[in-house]
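In: got a predicted structure plus its sequence, pasted below:
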Amino acid sequence: MMIVVFIIIVIGIVAFFINLNINNMEPNQIPNQTQSQVSSKTSAKDFFINLGAIVALGFFVGNLINLLFTIINKAFPLTTGFNFSESSSISFPVAVLIIVFPIYIFLMWLLEKGYVLEPEKRNVGVRKWLTYITLFISGFALAGDLVTVLYYFIDGQDITTGFILKALSVLVISLSIFFYYIYDVLGKNDNKSRKIWMIASAIVIILCIIWGFTVLGSPRTQQLLKYDQQKVNDLLSIENSVQNFYATKGVLPNDFDQLLAESYFVNTIDSQTQKLYEYQKTGNLTYNLCAEFNKDSKDNGNVSFDTFGNLSWAHPVGYYCFSKTINPNLFSKPIPVPIR
């Protein structure tokens, strides 16, 4: 995402100075053109529509790749080595695609409408520069994708199904953009080919969104997973407070009231059900933390790890208690302090 934002900023800066340079040129520096033609070609309207179209293209393409990578990570997780758990939410890329792609189509329609009325606007300097910048970036992405695949093969690394699908996604997207703008530079794009490209792109985006919801669940499923993650975060905070209580008092608290009386600011209420989480002291060094979960933790890529990197908050669907044990060797012997 940061790369996409950086590219957009670079394109904007380059386009601004190109437009500034063209506006500062004298009429006699542009042969065979009248002052009115120069003015029409370098208007603010042309500048911002062209810039907006390219920025919209970069933004929705970046989020399309993000969406595909998230789906592939979920559908084809790593089975060997350390599988870093990334966010499995597709809310933002889906929202971007639904809003920004139509904006891109609308801006391109505006440009084509202007070209019909004033064909010479196809030669606007800003348009040419932005087109070649797009070709450069898509070509660079295409070459980088092929280099990565070849490197994995030569280096003897595992080429998994997920890796192949990711490489193929980048290849197809970058290749499509590259050839579309090559044909545009060569003047081979007509209204029919543009409509075909637009319809094909819309179909691909819709299918990707449907695939994403099929693999990762509906918006309601995503909401339930976020509730579960919040429950885990709350229980983790309670566990830390219990450990701090033990480090100070040398004993476990009997209940939440005793824990909160020591000014430990933790959330003990489930934000979804508005019910108290359960704390059960089961021994001098053992206790349970319980909550009601909507989904199995395997459905959520945001499960938490303990200090030693072990998966400590895995849970099934429904009511579940986590058994926790205090290791007294991790704490120095506290100075006896009476418990209020």
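Out: Yep, that arrived.
In: Asp270 contacts Leu276, correct?
Out: Yes. Here Asp270 reaches Leu276: they are 7.4 Å apart, a contact under Cβ atoms under 8 Å. Every C-beta, even on glycine, is put in place using the N, C-alpha and C of the backbone.
In: so which of those two has more stuff around it?
Out: Taking other Cβ atoms under 10 Å, Asp270 and Leu276 do not tie; Asp270 has more neighbours (18 against 12).
In: tell me how far the more buried one lies from Lys188.
Out: According to Cβ to Cβ, to the nearest Å, Asp270 and Lys188 sit 61 Å apart.
In: check Arg127 too.
Out: Arg127 is 16 Å from Lys188, by Cβ to Cβ.
In: quick one: which of the two has more around it?
Out: Shown here are Arg127 and Lys188; by other Cβ under 10 Å, Arg127 has more neighbours (24 against 9).
In: the chain: strands as residue ranges?
Out: Under the criterion DSSP state E, the chain contains strands at 278-281, 286-293, 318-325.
In: ok, which of those strands comes nearest Phe178?
Out: strand 286-293 (46.4 Å; Cβ to Cβ).
In: follow-up on the earlier one: can I get the strands of the chain in CSV with distance to Gly156 and mean pLDDT?
Out: Shown next, in CSV, are these (distance: least, Cβ to Cβ, whole Å; pLDDT from 0 to 100):
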stretch, distance to Gly156, mean pLDDT
strand 278-281, 51, 94
strand 286-293, 42, 95
strand 318-325, 41, 94
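In: residue contacts, Val61?
Out: Each residue near Val61 by Cβ atoms under 8 Å, 6 or more residues apart in numbering is listed here: 173, 177.
In: try 10 Å
Out: Contact analysis of Val61 by Cβ atoms under 10 Å, 6 or more residues apart in numbering lists 4, 97, 100-101, 104, 134, 137-138, 141, 173-174, 176-177, 201.
In: now do Gln243
Out: Neighbours of Gln243 in contact, by Cβ under 10 Å, 6+ apart: 252, 324, 326-327, 330-331.
In: overlap in contacts, Asp270 and Leu276.
Out: Shared contacts of Asp270 and Leu276, defined by Cβ under 10 Å, 6+ apart, comprise Ala291.
In: measure Lys136 to Phe256 for me?
Out: Small correction: residue 136 is Phe, not Lys. In terms of Cβ to Cβ, Phe136 sits 60 Å off from Phe256.
In: then Phe163?
Out: To Phe256, Phe163 is 47 Å away according to Cβ to Cβ.
In: hmm, back to that, could you dump the strands of the chain into CSV and include mean neighbour count and distance to Pro93?
Out: Formatted as CSV, the strands of the chain follow (neighbours: other Cβ atoms under 10 Å; distance: least, Cβ to Cβ, whole Å):
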stretch, mean neighbour count, distance to Pro93
strand 278-281, 17, 37
strand 286-293, 18, 26
strand 318-325, 14, 31
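In: could you export the ones you listed as CSV, including distance to Leu207?
Out: Listed next are those as CSV, based on distance: least, Cβ to Cβ, whole Å:
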stretch, distance to Leu207
strand 278-281, 44
strand 286-293, 32
strand 318-325, 34
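In: of these, which is nearest Ser169?
Out: Per Cβ to Cβ, nearest to Ser169 of those: strand 286-293, 32.7 Å.
In: and that closest one, how far from the chain's centre?
Out: How far strand 286-293 lies from its chain's middle: 32 Å, per Cα atoms, centre = their mean, to the nearest Å.
In: what do you get for stretch 288-296?
Out: With Cα atoms, centre = their mean, you get 27 Å for stretch 288-296.
In: one more: stretch 158-172?
Out: The answer for stretch 158-172 is 18 Å, by Cα atoms, centre = their mean.
In: next one: stretch 322-335
Out: 39 Å.
In: can you check stretch 161-176 too?
Out: That offset, for stretch 161-176, works out to 17 Å (Cα atoms, centre = their mean).
In: okay, now Asp228: neighbour count?
Out: 25.
In: got it, and the one 4 residues further on?
Out: Per other Cβ under 10 Å, the neighbour tally for Val232 reads 21.
In: same check, this time on Ile173
Out: Ile173, neighbours per other Cβ under 10 Å, totals 21.
In: you'd agree Gly217 is up against Asp296?
Out: No. The pair Gly217 and Asp296 does not pass the contact test of Cβ atoms under 10 Å, sitting 11.9 Å apart.
In: who's more crowded, those two?
Out: A side-by-side neighbour count of Gly217 and Asp296, using other Cβ under 10 Å, places Gly217 first with 19 against 14.
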